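*Asks:* this is the structure alone, sequence omitted:
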């Protein structure tokens, strides 16, 4: 069940990285907005989504493991495993899977409802269709595939559809000027790919539903997509006062605003908030590109350094959790292995493993945090190798490995992988014991390699000793 621990850390670390980068964006974004760069602030918000979906911290830890351990085949960073951690990870995964299933079900129901609405939509009157077509032709290539339809099921104009976008109008009569504002607003959302990013943040809330920052990030995406849309229209097409007056006039006629999609009209407080944000940048005439460059550099450096800091802190937190949950016992499973009675074997070395050997990471149980004793019980299949998670040791220490191979008629390689990838091992069958004296500082792994034609069970313990 080691995969539950990996999944738990992958989700938690990615969620933490996304939250930290989002807070950094919020702080630097306020400064960018004051400097008049609302569009850059919104672009950086879109980039921040990557930190919620891409497991960058997990990848940094994995790369760190590969570098320290000689680029062995592994898809898991060095993680400590104790019964307490394993139990917590199992409960976490059960709760997480349940939450994701519920979230996906709700999302699918919304999409089904949207599809049903689209199927019942009807064509617009000829003059409306002609006006929309003329505007799409003037806007350029991105708008030529957008359609316009009317529906009895909506109260306010909106745009839907990621690939094939459709502007939806309620069954109301709008003036030519009002339709111009509606079409321009919704086509700007299509130009900015706002429908895609709103769906991504909705999925983000499904994956990270336990993180309140994910829901906050979703609200920010919804708000800033409107700010950026209004700002672009006011810069190039309408005066700010005229634009918002038309929107306010239409808002007075509409009720029951919906949030599943990209729409023009909102309640009075949200419209006032949109006006305030756009006005800050709209009135800013002298915009310093140098200031923008410095602020963008700051958010880039802070985001990168925060990911590295999270990766470093995660390893330390994992070790502290190990120490807090470890079971203090000197037994290996329910059986003690007498080191004095085991057979001491000749140590051999090799620079790399055979190419046809497949490698996996086996489960290890930390039995004593104080003495550094860990146990393992691996079923090593034919032409397979099982590695322990990495652990730190210094050149002044030794690694003592003791155990039993079953059946006792088959030889297996049992040894350690040094920080530079060098492999030191003994060929063992039955009971075995060996002490590997270390000459390097760094991350080590214990391994068992089986070149027999059938599986061999290797059970035992290893300990770092001074």
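*Replies:* Thanks, I have it. Every value quoted in this text rests on a predicted model; they were computed, and no experiment measured them.
*Asks:* how about residue 20: what's its closest non-neighbour residue?
*Replies:* Of all residues not flanking residue 20 in the chain, residue 306 sits nearest, at 4.7 Å (C-beta to C-beta, 6 or more residues apart in numbering). (Glycine included, C-beta is placed from N, CA and C.)
*Asks:* next helix or strand past the helix or strand where that neighbour lies?
*Replies:* Using DSSP states H and E, residue 306 falls within helix 289-325. Using DSSP H and E, the helix or strand that follows helix 289-325 in sequence is strand 348-350.
*Asks:* who does that next one pair up with?
*Replies:* strand 423-428 (antiparallel) (DSSP bridges).
*Asks:* and the strand it pairs with, how far out from the chain middle?
*Replies:* Distance, stretch centre to chain centre, for strand 423-428: 39 Å (C-alpha atoms, centre = their mean, to the nearest Å).
*Asks:* pLDDT of that strand, averaged?
*Replies:* For strand 423-428, mean pLDDT is 90.
*Asks:* so residue 177 touches residue 249, yeah?
*Replies:* No. Here residue 177 lies out of contact with residue 249, judged by C-beta atoms under 8 Å, at a distance of 9.7 Å.
*Asks:* residue 168 - that's part of a helix, no?
*Replies:* No. Going by DSSP: H, G, I helix; E, B strand; the rest coil, the assignment for residue 168 is strand, not a helix.
*Asks:* any idea how many residues pack against it?
*Replies:* By the criterion of other C-beta atoms under 10 Å, residue 168 has 24 neighbours.
*Asks:* ditto for the one 4 residues further on
*Replies:* Around residue 172 there are 14 other residues, counting by other C-beta under 10 Å.
*Asks:* for the one 10 residues further on, same thing?
*Replies:* The tally of other residues near residue 182 (other C-beta under 10 Å) stands at 24.
*Asks:* does it belong to a helix or a strand, and which?
*Replies:* Per DSSP H and E: helix 176-191 holds residue 182.
*Asks:* tell me the buried residues in that helix?
*Replies:* 178-190 (16 or more other C-beta atoms under 10 Å).
*Asks:* redo these as a markdown table? Include distance to residue 422 and pLDDT.
*Replies:* Output for the buried residues of helix 176-191, formatted as a markdown table (distance: C-beta to C-beta, whole Å; pLDDT from 0 to 100):
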| residue | distance to residue 422 | pLDDT |
| --- | --- | --- |
| 178 | 75 | 89 |
| 179 | 74 | 92 |
| 180 | 73 | 92 |
| 181 | 71 | 91 |
| 182 | 70 | 92 |
| 183 | 68 | 93 |
| 184 | 67 | 93 |
| 185 | 65 | 93 |
| 186 | 63 | 93 |
| 187 | 63 | 94 |
| 188 | 61 | 94 |
| 189 | 58 | 94 |
| 190 | 58 | 94 |
